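Engineer: Take a look and give me a structure for this.
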Amino acid sequence: MPNTDQNPRGPSIRQLEIQNFRAIRYFKWHPALGMNVVTGPGDIGKSTILSAVALLLSPAPTLTITEFDFYKRATGQNIIIEAVLSLNDLHELSEDGFPTPPLRGWKDNTLRDLPDEDGAEPVIYCRLRVNKDFETEHCIVGAGDQIAAFRRSLRQRIGLMRLGLADRYDRDLRLVQGGALDQFIGSRDLRDTILQTIFKTSIHDALDPDVQTKLEEVDAKFSEESLPSPVRLGLVGTPGVSMAASVGLMVGDSNEQALPITSWGSGTQKFASLAMASLVSEDHAIALIDEPESGLEPYRQRSFIKRLQREGKRQSFIITHSPAVLETATNLGGTVWRLRELIPPTRPPAEEVTAPESSHNCINLSENEQLKNVLQKNPEAVLAKLPIVCEGKTELGFAEVILEDHFGPDYRTRGIHPFEVGGGNVAALKVCQKFIAAEIPFTCVADDEGTHTGSWQAVIEKSPCLRWDNQKCTEEVVFGLVPDDRLLEILDWADSINYRERRHLIPEIKKALGENVMQPECEWLRTFGRDVLLAAITKVAVPPGSNREKGWFKSVSGGRFLAGKMLEIGPAAALRQKLDRFFASVRQATE
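Structural biologist: Down below sits the predicted model:
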């Protein structure tokens, strides 16, 4: 279930349905109440979801729709966007001269006819329909298909803010109608004041005290965020718009020195626009944010996501490809979703069918502890073309070296991302299983500990993993490649990695061989045989039970060392076949 312990102050979308719109044939989703972060492959339809919400709740008097907005350009089938909208404050529905629109009930992810039916939450069921002539109709659907107008004034009261798109930075920093600055200042007389005084006096100096106070708040916010200041209003001129819309935020102590913020770097422009969003958050319940990471350093991405969660207290929808955004949103209790495209429908789309065939769905990655841990510690794994689940530090280091050797040092540019799960073999298995459930392509590098054999086999059937046979670990596999005359060199490896001198290891090996071993080490192989000697070395190198993490090679550098030795000695035929299958699967997934 989505995260529902957050309580946005204003309206929130409980259910969203999209039909015949752009890349989406049919999509139904129950987003979380607070922060919703949507990930997924490129060009799958993530931004289409934001555009659909923006169209449904847009207060604009006209909407621009073309044939390219219809699914596969099939203009014979209506675009339909519907949402169950929760209104925590019902006064938003009251408007002078208009009746209250019909209310429905919402309980257990099901729409009820009456708002008080069995303790249901009051909601409105709103719809946008676009026909083949590109005519749009906003309406609210009551019980028994009772239809009421979804008026523009009501959509304005509900509030919607869309940020993160390059073409919006400039408008949010100028007095463009509906922009962030215009919404925050909210003065009806401001435009008249500007038009009357624009050619007579300094715009900034002519503003009334209330607006000046608002600008002081803007200036304080910009200073807090280390943005350029002081700010002031001045002409920033854009052809084709009203003169008042040419007034925007400027930085400088005087009119003669001030420069428009839009003349600063793109990152500063974007963060200034996002800062304005935080100032108007109390008035806007639903925020749509497309790729907040663009043009911003990771620390500023984290700052914005944190402020959005702390100050906004609203429902938000974020499209991102940034590990920093995923990590921060997860740590703050946001819900991360993965959008996936289903098998193409077998029948053509039909308008308003009762149960249309879905083309997309969203999988909640945050409801599972294993995936939540990945999002917090290795968020890039969710964004990579092929994450490689590594059981521990040894396996991670081992995987890094063999990937470098096979694909080159720039193997990560293929979208390959090895990462350590932590928690051992069972934890790695659980992450693999959750990746399968979420349909995230992956492979893994893991030991065979002789447990959960059936579950591991099911994982391997989904992805050709690099998993050792016969209950062996990585150390045993590499030790087994060492020829007889070099077996005792393994003791020197420990000194290379963790500075455990050979003379200190000899007594431990003797103890592992038997209580009364008197032979010198040069006689061990002839006395005990290869298998017994290897078993003794392995027992000391890989201590059993809780001491396992104290092993010689239980580190990333240890894993890298073992992989280097394997490549130096050369893998046996059976191991070479296993490696070749692994590399082939990685290559196929990342081509």
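
Engineer: C-alpha only now, for contacts and for neighbours.
Structural biologist: Will do.

Engineer: can you pull the buried residues of the longest helix seen in the chain?
Structural biologist: Longest helix in the chain by number of residues (criterion: DSSP state H): helix 573-590. For helix 573-590, a neighbour-count test (16 or more other C-alpha atoms under 10 Å) marks 575, 578, 579, 582, 583, 585, 586, 589 as buried.

Engineer: shaky segments in the stretch 301-450 of the chain?
Structural biologist: Residue ranges of the stretch 301-450 of the chain with pLDDT under 70: 310-313, 343-356.

Engineer: can you give me the strands in it?
Structural biologist: For the stretch 301-450 of the chain, the strands defined by DSSP state E, counting those that start in this stretch cover 315-319, 335-341, 360-364, 386-390, 416-420, 443-446.

Engineer: can you redo those strands as CSV with mean neighbour count and distance to residue 433?
Structural biologist: Converted to CSV, those look like this (neighbours: other C-alpha atoms under 10 Å; distance: least, C-alpha to C-alpha, whole Å):
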stretch, mean neighbour count, distance to residue 433
strand 315-319, 25, 25
strand 335-341, 22, 16
strand 360-364, 20, 14
strand 386-390, 25, 11
strand 416-420, 23, 16
strand 443-446, 26, 11
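
Engineer: for the ones you listed, which one sits closest to residue 80?
Structural biologist: strand 360-364 (15.4 Å; C-alpha to C-alpha).

Engineer: Next, the angle strand 335-341 makes with the closest one.
Structural biologist: Counting by axes from the mean of the first three to the mean of the last three C-alpha atoms, to 10 degrees, strand 360-364 points 150 degrees away from the direction of strand 335-341.

Engineer: Could you list every helix and strand that strand 360-364 packs against?
Structural biologist: Contact partners of strand 360-364 among helices and strands, from 3 or more C-alpha pairs under 8 Å, 6 or more residues apart in numbering; DSSP states H and E: strand 24-29, strand 335-341.

Engineer: now the angle from the helix or strand that the shortest one is followed by to strand 335-341?
Structural biologist: Note on strand 24-29: by DSSP states H and E, the next helix or strand toward the C-terminus is strand 35-39. In this structure, strand 35-39 runs at an angle of 30 degrees to strand 335-341, with the same axes, to 10 degrees as the basis.

Engineer: Can you list the helices and strands that strand 35-39 packs against?
Structural biologist: Partner elements for strand 35-39 (3+ C-alpha pairs under 8 Å, 6+ apart): strand 315-319, helix 323-331, strand 335-341.

Engineer: 6 Å instead?
Structural biologist: strand 315-319, strand 335-341 (3 or more C-alpha pairs under 6 Å, 6 or more residues apart in numbering; DSSP states H and E).

Engineer: Quickly run through the sheet partners of the last one, with directions.
Structural biologist: Pointing back at strand 335-341 there. strand 35-39 (parallel), strand 360-364 (antiparallel) (DSSP bridges).

Engineer: what would these look like in JSON lines with distance to residue 494?
Structural biologist: Supplementary listing: these in JSON lines, determined by distance: least, C-alpha to C-alpha, whole Å:
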{"stretch": "strand 35-39", "distance to residue 494": "43"}
{"stretch": "strand 360-364", "distance to residue 494": "44"}
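
Engineer: Sweet, I'm off.
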